[in-house]
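S.K.: Structure, please.
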Amino acid sequence: MNRIQIIIIGLILTLFALMAIVIFRYNLVFGETVFQKSMMAGCMHKELKSKNLSESKDLCECYIGNLVENYSENQIRNNIDQIKLEDKNLFNNCRPEKDDLAENLSIDTTKFYQKIGWKTQIDNNTIQEIEAYVSKKSDTLINQLKVYNNGVIDPTKSKFYELKIEGFKDSLIQGEISFFTPQDCTSIKNKREITLTYLQREEDSLIIREIDTDTNYIEFPYRNFDNYSFVGVISDFRWIYNDSSDSYTVYENYFAIDSEASTDNGFVELLK
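M.R.: Sure thing, here's the model as predicted:
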């Protein structure tokens, strides 16, 4: 056996070892379909950040087992946010009663707004994914919209954000928000003003913090408020120049930002 053959065999063995590690770490032996295994991988990736392997495995098997037992894959794929909101008892047996995430999966009827999400099949190639707030007065206010053409998001018709908050309880947490609007597709020079406004607890007071920028990515410091819930809004004003009329067209976009499904976020009113 020459040196090249030894190297190839070593690479193959290394590849199989890495695959085995991934399968074991993300519990990919669970599930009968690719979709169920992908849900398990996503769940394990999230839970392993704060739990050991055994706890994450038990928790994710309970979550996904309950989902596939009660709903079809098509229902889970298209309506997972609504399932979490409406079927508040689905995950009760998966976590201890006082666990934060288990509590967050239930609807808090004392809050004025509930976030819901749904998908609509526009045609054979187009799917529309919507997130909206529903108030106690039954007002429905759309906050995020994603349009997919052949499985690829269409940036010319979509507006959405991604919120990420990491850190430890009772400490300063690092927050990140990235967002996108259809106007980001234009190459025309323009003026832009963006403000992130959010609530922050300081000792016994609740204050409003603001960060001004002109980019789609914002980093911000945040101290734990009301069990990690985050409440805020992004306002995005853009002036795009029109050569033909020698004037500017003003575009306004707002995103109400919440880490929880149930909220009293007063900034939601800006979506009207």
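S.K.: Using the three-state scheme, assign the closest residue to Leu28 other than its chain neighbours.
M.R.: Leaving out its chain neighbours, the residue that sits closest to Leu28 by CB to CB, 6 or more residues apart in numbering is Lys37, at 5.2 Å. In short, each C-beta sits where N, CA and C put it, glycine included. With DSSP: H, G, I helix; E, B strand; the rest coil as the basis, Lys37 sits in helix.
S.K.: list the contacts for Lys37?
M.R.: By CB atoms under 8 Å, 6 or more residues apart in numbering, Lys37 lies in contact with 28, 30-31.
S.K.: which stretches of the stretch 151-272 of the chain form strands?
M.R.: 152-153, 160-166, 172-180, 190-202, 205-213, 217-223, 231-242, 247-258, 262-263 (DSSP state E, counting those that start in this stretch).
S.K.: hey, C-alpha coordinates of the longest one in CSV?
M.R.: Written as CSV, here are the backbone C-alpha positions of strand 190-202 (Å, rounded to 0.1, in the frame of the first residue of the first chain):
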residue,chain,number,x,y,z
ASN,A,190,-30.0,57.7,-1.1
LYS,A,191,-30.1,59.3,2.3
ARG,A,192,-31.1,57.0,5.2
GLU,A,193,-32.0,57.4,8.9
ILE,A,194,-32.5,54.4,11.1
THR,A,195,-33.3,54.3,14.8
LEU,A,196,-33.5,51.3,17.2
THR,A,197,-35.6,52.2,20.2
TYR,A,198,-36.0,49.7,23.1
LEU,A,199,-37.0,49.4,26.7
GLN,A,200,-34.3,48.9,29.4
ARG,A,201,-34.5,48.3,33.1
GLU,A,202,-32.1,50.5,35.1
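S.K.: Report the rounded mean pLDDT for it.
M.R.: Strand 190-202 shows an average pLDDT of 88 in the prediction.
S.K.: Name whatever forms a beta bridge with Tyr241.
M.R.: Beta-bridge partners of Tyr241, counted by DSSP bridges, are Tyr248.
S.K.: looking at the strands of the stretch 151-272 of the chain, which is closest to Cys62?
M.R.: strand 262-263 (22.7 Å; CB to CB).
S.K.: hang on, the earlier thing: which of the contacts of Lys37 sits closest to Asp214?
M.R.: For the contacts of Lys37, the nearest to Asp214 is Leu28 (42.9 Å; CB to CB).
S.K.: give the contact list for the closest one.
M.R.: By CB under 8 Å, 6+ apart, the neighbours of Leu28 are 22, 37, 40-41.
S.K.: need those in JSON lines with pLDDT, can you?
M.R.: Output for those, formatted as JSON lines (pLDDT from 0 to 100):
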{"residue": "Val22", "pLDDT": "72"}
{"residue": "Lys37", "pLDDT": "87"}
{"residue": "Met40", "pLDDT": "88"}
{"residue": "Ala41", "pLDDT": "88"}
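S.K.: Most neighbours of all those, which one?
M.R.: Met40 (21 neighbours; other CB atoms under 10 Å).
S.K.: sec struct for that one, please.
M.R.: Taking three-state DSSP, the label given to Met40 is helix.
S.K.: which ones are touching the residue sitting nearest the centre point of the chain?
M.R.: Here the mean C-alpha position of the chain is nearest to the C-alpha of Glu162 (CA atoms, centre = their mean), at a distance of 5.6 Å. Glu162 is in contact with 177-179, counting by CB under 8 Å, 6+ apart.
S.K.: Check Phe160 too.
M.R.: With CB under 8 Å, 6+ apart, Phe160 has these contacts: 131, 144-146, 179-180.
S.K.: so it bridges to which residues?
M.R.: Phe180.
S.K.: now swap in Gln144 and tell me
M.R.: Glu131.
S.K.: Kindly report the same for Lys115.
M.R.: Tyr133.
S.K.: which element is the closest residue to Val22 other than its chain neighbours on?
M.R.: With CB to CB, 6+ apart as the measure, Leu28 is the residue that lies nearest to Val22, at 7.1 Å, once sequence neighbours are left out. Per DSSP states H and E, Leu28 falls between elements, in no helix or strand.
S.K.: low-confidence ranges in this structure?
M.R.: 1, 50, 81-82, 84-89, 92-93, 95-107, 167-171, 189, 224-228 (pLDDT under 70).
S.K.: Point me to the helix or strand that includes Leu11.
M.R.: With DSSP H and E as the criterion, Leu11 is inside helix 3-25.
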